[in-house]
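A.B. asks: quick one, what's the 3D model for this:
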Amino acid sequence: ASAFAKALTELSEDDVDEVRRALREFVHRLEGGQRSRAKSRGVRAVDLRRTMQLSKRTGGVPLKLAMRSRKREKPRLFVVCDVSDSVRRVSLFLLEISYLAREISAATRTFAFVSEVAETTDLFRERTSRQAIAEIHQGRVVPLSHNSNYGRAFDTFLERFGASLDRHTTLVILGDGRTNYAADGSSALA
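C.D. replies: Next up, the predicted model:
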């Protein structure tokens, strides 16, 4: 049976590799789609300075308009991933998505949380996905012995990293949403 027909908890190493390959292909498709959307988006502005420079060759008559090339902003992506025990098996998949998100944009920053939050961007940059995910699951990044506390994690995230968020940043939060009767963090998200 295909890895995609099994529950995440039943995946073998070969199945996980199959899922990784599919995720990588998906990320490459997203990247390609982004380029084509940017090309078809449309109207470019006239570059007046270059048009005037070009018209000097023809005695001041602009025969050809020089167009400005649009600077396409690379997307800034922040991926915040719950790595608590309740999502331990699924977090493998979620962390793999976080790891692959770097291929969409070098400006991608990744974070792991349970009740504490820590940035994993450098860890993902310096190690393979398997090594990075193993370190996270061994509790070397954030303590895994606590219950998920979205409120505390989101408040800490906002305090430490909120200044880096702007209107060009996409924030993706991956997790099961179990707050364990603690604050849900909706005020920090707002």
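A.B. asks: can you pull the contacts of residue 174?
C.D. replies: Neighbouring residues of residue 174 by C-beta atoms under 8 Å, 6 or more residues apart in numbering: 79, 80, 81, 82, 94, 97, 98. C-beta coordinates here come from the backbone N, C-alpha and C atoms, glycine included.
A.B. asks: beta-bridge partners for it, please?
C.D. replies: residue 81 (DSSP bridges).
A.B. asks: for it, report the pLDDT, please.
C.D. replies: Looking at residue 174, its pLDDT reads 85.
A.B. asks: repeat that for residue 103.
C.D. replies: Per-residue pLDDT puts residue 103 at 69.
A.B. asks: dump the residue contacts of the closest residue to residue 179 other than its chain neighbours.
C.D. replies: Closest residue in space to residue 179, ignoring its immediate chain neighbours: residue 150 at 5.1 Å, by C-beta to C-beta, 6 or more residues apart in numbering. The contact partners of residue 150, by C-beta under 8 Å, 6+ apart, come to 82, 175, 177, 179, 182, 183, 184, 185.
A.B. asks: who's sitting farthest from the centroid in the protein?
C.D. replies: For the chain, the residue at maximal distance from the C-alpha centroid (C-alpha atoms, centre = their mean) is residue 59, at 51.7 Å.
A.B. asks: so what does it have for phi and psi?
C.D. replies: Backbone torsions of residue 59, given as degrees, to the nearest 10, read phi 70, psi 30.
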